[in-house]
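K.L.:
A structural model of the following input is requested.
(one chain, ligands or ions: 1)
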Amino acid sequence: MADATPKADPPRGRFITFEGGEGSGKSTQIKILVERLQAAKLHAIVTREPGGSPGAEIIRHLVLSGVGKLLGADAETLLFAAARDDHVRTVIRPALEQGIWVLCDRFADSTRAYQGQLGNVLPGVLNAMERVTIGDLKPDLTVILDVPVEVGLQRAAARRGSGAPDRFEAEDLAFHRKLRDAYREIAASDPQRCVVIDADADVNTVAARVWTALRDRVLTADTA
Ligand code: T5A
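P.N.:
Numbering: from 1, shown residues only. Reported below is the predicted structural model:
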């Protein structure tokens, strides 16, 4: 006889976001972490912002080309919000509901730091956008990779080679210093969710620091 017992929903996946200035090593660390989680038999995916879904990738192309800057910080914020709305609705929430871990390269803290602190977009506008785009979706852990501005920009330039810097890489040193401070403020305002990691070290050392943070703050909580 068929088992009529309703199947329990899978436990929600974990949502881990990576933040930091240009060239802080987010993509590098996410790649290492997803391989480690998969080796531990966890189903994990990597995504990014702006972008991560077909609709949001179109907007990514637009903002990084610099069009958003011409429109002004408020309009640029709306573009990031439109991309996030599509990404959350079509990729992040469905994955988490299926029990899949989502590792996301940048999320709402980037808007807080870049458009809020640097673009002077008012907190009320940012709050309203977050209500619409992410609602109650909060990362289980936000890893903020912290490197001296000169180191991050040097890494980004070396990777770019002879290509042109994008919209934000092209900003001056004062912009990037303010950005670093903005991330530290975000971390201080939400220490339960955020961990700041010294990322001015070789790739494997940083990866070990990221793993320790994840183990202590997420994996231990899961098995407690
Ligand atoms: N933005 C985004 C907003 O303004 N508002 C928003 O709401 C959102 C979501 C996105 C831009 O959009 C802005 C922020 C950004 O400016 P992007 O192209 O996605 O642009 O760029 P970033 O997210 O800034 O990512 P980057 O690719 O520049 O840097 P990563 O991912 O932090 O760094 P990574 O891993 O690619 O490393 C850079 C180079 O350094 C080397 C790598 O091999 C690579 O060559 N490297 C190291 N070298 C030495 N030691 C280490 N520990 C190293 N780690 C990496």
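
K.L.:
packing partners of the helix or strand harbouring residue 178?
P.N.:
Using DSSP states H and E, residue 178 falls within helix 173-189. Where contact means 3 or more Cβ pairs under 8 Å, 6 or more residues apart in numbering; DSSP states H and E, helix 173-189 is packed against strand 15-20, strand 141-146, helix 149-160, strand 194-198. Where you see a C-beta, it was placed from the backbone N, CA and C, and this is true even at glycine.

K.L.:
residue 146 pairs with what?
P.N.:
Counting by DSSP bridges, residue 146 is bridged to residue 198.

K.L.:
tell me how far it lies from the ligand.
P.N.:
11 Å (Cβ to the nearest ligand atom, to the nearest Å).

K.L.:
might one say that that residue is in contact with residue 19?
P.N.:
No: look at residue 146 against residue 19 with Cβ atoms under 8 Å: they stay out of range, at 9.7 Å.

K.L.:
residue 122: which of the helices and strands packed on helix 173-189 is closest?
P.N.:
strand 15-20 (21.1 Å; Cβ to Cβ).

K.L.:
what sits up against the helix or strand following that closest one?
P.N.:
Using DSSP H and E, the helix or strand that directly follows strand 15-20 along the chain is helix 26-39. Under the contact criterion Cβ atoms under 8 Å, 6 or more residues apart in numbering, helix 26-39 has outside partners 16, 18-20, 44-46, 48, 101, 103, 105-106, 143, 145, 199, 203, 206-207, 210-211, 214.

K.L.:
cutoff 6 Å now
P.N.:
Residues from elsewhere that reach helix 26-39, judged by Cβ atoms under 6 Å, 6 or more residues apart in numbering: 18, 20, 44, 46, 103, 105, 145, 203, 207, 210.

K.L.:
ok, stretch 203-210 next?
P.N.:
Contacts for stretch 203-210 (Cβ under 6 Å, 6+ apart): 28-29, 32, 143, 197, 199.

K.L.:
try 8 Å this time
P.N.:
25, 28-29, 32-33, 143, 145, 197-199, 201.

K.L.:
pLDDT (mean, whole number) over it?
P.N.:
Averaging pLDDT along stretch 203-210 yields 98.

K.L.:
now do the buried residues in it.
P.N.:
206-207, 209-210 (16 or more other Cβ atoms under 10 Å).

K.L.:
now the two most distant members of those.
P.N.:
Pairwise distances across those peak at 7.3 Å for 207 and 209 (criterion: Cβ to Cβ).

K.L.:
quick revisit: joint contacts of residue 146 and residue 19?
P.N.:
residue 183.

K.L.:
export the helices and strands packed on helix 173-189 to JSON lines and append columns for mean pLDDT.
P.N.:
JSON lines is the format used below for the helices and strands packed on helix 173-189 (pLDDT from 0 to 100):
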{"stretch": "strand 15-20", "mean pLDDT": "98"}
{"stretch": "strand 141-146", "mean pLDDT": "98"}
{"stretch": "helix 149-160", "mean pLDDT": "92"}
{"stretch": "strand 194-198", "mean pLDDT": "98"}
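
K.L.:
for residue 167, find the nearest of those.
P.N.:
Closest to residue 167 of the helices and strands packed on helix 173-189, according to Cβ to Cβ: helix 149-160, at 12.7 Å.
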